[in-house]
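Asker: Build the 3D model from these lines:
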Amino acid sequence: SVFSAETTAVAKADGPAAPTTLAVVSVTDTTITVTANAAWEYSINNGSNWQDSNVFTGLTANTTYSQIVARVKTTDTHEASAACSAISVTTAMGSANEATITQLKATHTPYTGTYDGTAHNAFSSLTSLPSGWSIAGYSRTETGTYNTTMPKVTNVADSGRIYVKFANTSYADVIAEYDVTVSEAPLTVTAKNHTITYGDTPANSGVTINGFVNSESDSVLTGTLGYDYNYTQYGNVGEYTITPKGYTSANYAITYNPGKLTVEQKEVVLTWSNITGRVWGDGKTVTATVSNKVGSDDVKVTVSGGGETAVGNHTATATDLTGTKAGNYKLPTTKTQTYSIGKAAALTLADIPVSQKLTTTTGEKAIGAVMPTDAGELTYTKGAESKTGSVTVTSWNVDPTGKVTYTLFGGVAGDTVTLPVTIGSDNYENSI
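Answerer: Here you go, the predicted structure:
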């Protein structure tokens, strides 16, 4: 038999130096991760229990762990090292689950309404929060400052997102986002009806505004009120539209309604011709023209009764307007014009010589033929006789037919007697 020599046990060397202080890599509500080293082992309770992983799991949220250490593990050749200095780490707050988050968000109903000029809470209703939760504040930005005072909304510009922060000592804050809406109030701006006369420039009577809230007026509107017309100056008589424009508003949705622009006929001013200085047989006719027409408009006046020729008083009447632009004009209330036709100037009549024998004491002479046939009805009036020499006019007369009779006495050859007769007529002044 062969026997080996008896062996002797060799003791392990002492452990190496302790690791340097641990560094925290990450923290969650249930885990803490520290510096990783394959040669190390880790303890969360100052060495009561060791683990190879550098990640501690199954921890409690928002809890401080102050005995986290590490050491070099024992090997076949050396013992474990001493533990490093302990570090203290607090786990993160816990995260609310989806059900809780849904409950939290449902506690706030954001305001939705139409602008009415008054301030409203940004949330129209609030319900009870889940147990343990409170409102930490409100903010217009997610990362901004949160204020515990409920925000107000008044204007359309106040619409937008509002963030609400919910707090719980055991969980991380929950931030919920909401959209509040202030819609524009409807506002109608309606042009008032307006009437102008043909030839006028477009004009208006202003507007009527409906829809202001909270006793507001047009002072809250911006912009400048103006008008559009589908009528241009010198357009024909008729109905057109006036459409307002120009106002703007952050809080009102403005609708513009047109008004009616009525273009009425222009009343003409008549200028009458041939109404003065008229005499029988002058060949003139009374006419009328429009003295206030627009530009070179084609408009004429029809006159009746202007062609009278008889001596006396007459009336001419404007009865109608004609021409391509006549429809834009109207006759005035007073459409008549009186005029008078006087008699024509007296005629210069030649004397009618009559020779009388000295032995004849009476005589007669018809004088009607000295007047023209258009003189009309004639009348005869004797005047004051005159004579030369010793002859005497015993008597004389003229009858309605124009026959002159006379009686003379004495006289010598060469004596003369003048018997003047004034002949009146319808159409001539008295002629002698």
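Asker: Tell me the spacing between the spatially closest residue to residue 190 that is not a sequence neighbour and residue 207.
Answerer: Distances taken as CB to CB, 6 or more residues apart in numbering put residue 257 closest to residue 190, at 4.0 Å, once the chain neighbours are dropped. Every residue, glycine included, has its C-beta placed from N, CA and C. Distance, residue 257 to residue 207, using CB to CB, to the nearest Å: 9 Å.
Asker: Of the two, give the one with the bigger neighbour count.
Answerer: residue 207 (19 against 14; other CB atoms under 10 Å).
Asker: partners of that one in the sheet?
Answerer: For residue 207, the beta-bridge partners are residue 191 (DSSP bridges).
Asker: From what I see, residue 148 and residue 137 are in contact.
Answerer: Yes: contact criterion CB atoms under 8 Å: residue 148 and residue 137 qualify, at 5.0 Å.
Asker: Which one of the two is surrounded by more residues?
Answerer: Legend: neighbour count by other CB under 10 Å for residue 148 and residue 137, higher for residue 137 (17 against 10).
Asker: How much space separates the more buried one from residue 176?
Answerer: Applying CB to CB to residue 137 and residue 176 gives a distance of 12 Å.
Asker: any common contacting residues for these two?
Answerer: residue 164 (CB atoms under 8 Å, 6 or more residues apart in numbering).
Asker: just so I have it, where are all the strands in the stretch 201-350 of the chain?
Answerer: 207-210, 222-229, 238-248, 252-257, 259-264, 266-267, 270-273, 278-279, 287-290, 300-304, 312-322, 329-330, 336-342 (DSSP state E, counting those that start in this stretch).
Asker: pLDDT score for residue 331?
Answerer: Model confidence at residue 331, given as pLDDT, is 97.
Asker: so the residue nearest to it when sequence neighbours are not counted bridges to which residues?
Answerer: Counting by CB to CB, 6+ apart, residue 331 lies nearest to residue 318, which is 5.5 Å off, once chain neighbours are set aside. With DSSP bridges as the criterion, residue 318 is bridged to residue 303.
Asker: Who are the contact partners of residue 318?
Answerer: Residue 318 sits next to 270, 288, 301, 302, 303, 331, 335, 336, 337 when contact means CB under 8 Å, 6+ apart.
Asker: just residue 36 next, same as before
Answerer: 25, 54.
Asker: in the chain, which residue is closest to the centre?
Answerer: What sits nearest the mean C-alpha location of the chain, by CA atoms, centre = their mean, is residue 244, with 1.2 Å.
Asker: so residue 407 sits right up against residue 392, yeah?
Answerer: No: the criterion here is CB under 8 Å, and residue 407 misses it with residue 392 at 9.4 Å.
Asker: any low-confidence regions in the stretch 1-150 of the chain?
Answerer: Applying pLDDT under 70 to the stretch 1-150 of the chain picks out residues 1-10.
Asker: Do a quick rundown of the strands in it.
Answerer: 24-27, 32-34, 40-43, 55-56, 64-72, 87-90, 108-110, 112-114, 120-121, 123-126, 134-139.
Asker: Parallel or antiparallel, list what pairs with the fourth one.
Answerer: The reference is to strand 55-56. strand 32-34 (antiparallel).
Asker: Just the buried positions in the partner strand, please.
Answerer: 32, 33, 34 (16 or more other CB atoms under 10 Å).
Asker: same check, this time on stretch 156-176
Answerer: 156, 158-159, 162-168, 171, 174-176.
Asker: all helices for the stretch 51-200 of the chain, in order.
Answerer: 98-105 (DSSP state H, counting those that start in this stretch).
Asker: quick one: contacts of the longest strand along the chain?
Answerer: What stands out as the longest strand in the chain, according to DSSP state E, is strand 171-183. By CB under 8 Å, 6+ apart, the residues outside strand 171-183 that reach it are 29, 61, 92-96, 100-101, 104-105, 108, 110-115, 120, 122-123, 133, 136, 142, 153-156, 158-168, 251.
Asker: Also stretch 207-218?
Answerer: 115-118, 185-192, 220, 225, 244, 247, 252, 259.
Asker: CA-only coordinates of it in PDB, if you can.
Answerer: Coordinates of each C-alpha in stretch 207-218 appear next as PDB, following Å, rounded to 0.1, in the frame of the first residue of the first chain:
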ATOM      1  CA  VAL A 207     -76.500 101.600 -37.200                       C
ATOM      2  CA  THR A 208     -78.500  99.700 -34.700                       C
ATOM      3  CA  ILE A 209     -76.500  97.300 -32.500                       C
ATOM      4  CA  ASN A 210     -78.100  94.400 -30.700                       C
ATOM      5  CA  GLY A 211     -76.400  91.900 -28.400                       C
ATOM      6  CA  PHE A 212     -74.400  93.900 -25.900                       C
ATOM      7  CA  VAL A 213     -74.200  92.200 -22.500                       C
ATOM      8  CA  ASN A 214     -73.900  93.600 -19.000                       C
ATOM      9  CA  SER A 215     -74.900  97.100 -20.100                       C
ATOM     10  CA  GLU A 216     -71.900  97.400 -22.500                       C
ATOM     11  CA  SER A 217     -72.000  99.700 -25.500                       C
ATOM     12  CA  ASP A 218     -70.100 100.400 -28.600                       C
END
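Asker: What residues sit buried inside that stretch?
Answerer: 207, 209, 212, 216.
Asker: again with stretch 29-44
Answerer: In stretch 29-44, counting by 16+ other CB under 10 Å, buried: 29, 30, 32, 33, 34, 35, 40, 41, 42, 43, 44.
Asker: Ok, stretch 41-56 next?
Answerer: Result for stretch 41-56 [16+ other CB under 10 Å]: buried residues 41, 42, 43, 44, 47, 50, 54, 56.
Asker: can you redo those residues as CSV with distance to residue 341?
Answerer: Formatted as CSV, these follow (distance: CB to CB, whole Å):
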residue, distance to residue 341
41, 145
42, 139
43, 143
44, 138
47, 147
50, 146
54, 135
56, 134
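Asker: about what we covered before: now for the buried residues of stretch 156-176: which two are most distant?
Answerer: 156 and 171 (36.6 Å; CB to CB).
Asker: where are the low-confidence patches of the stretch 151-300 of the chain?
Answerer: For the stretch 151-300 of the chain, counting by pLDDT under 70, not a single residue falls below.
Asker: thinking again about what came up before, OK, contacts around the residue nearest to the centre of the chain?
Answerer: Per CB under 8 Å, 6+ apart, neighbours of residue 244: 189, 190, 191, 207, 225, 226, 227, 256, 257, 258, 259.
Asker: now residue 310
Answerer: 280, 341.
Asker: start at 378 instead
Answerer: All right, first residue 378 from here; so that's residue 687.
Asker: From residue 745, how far off is it?
Answerer: Residue 687 is 22 Å from residue 745, by CB to CB.
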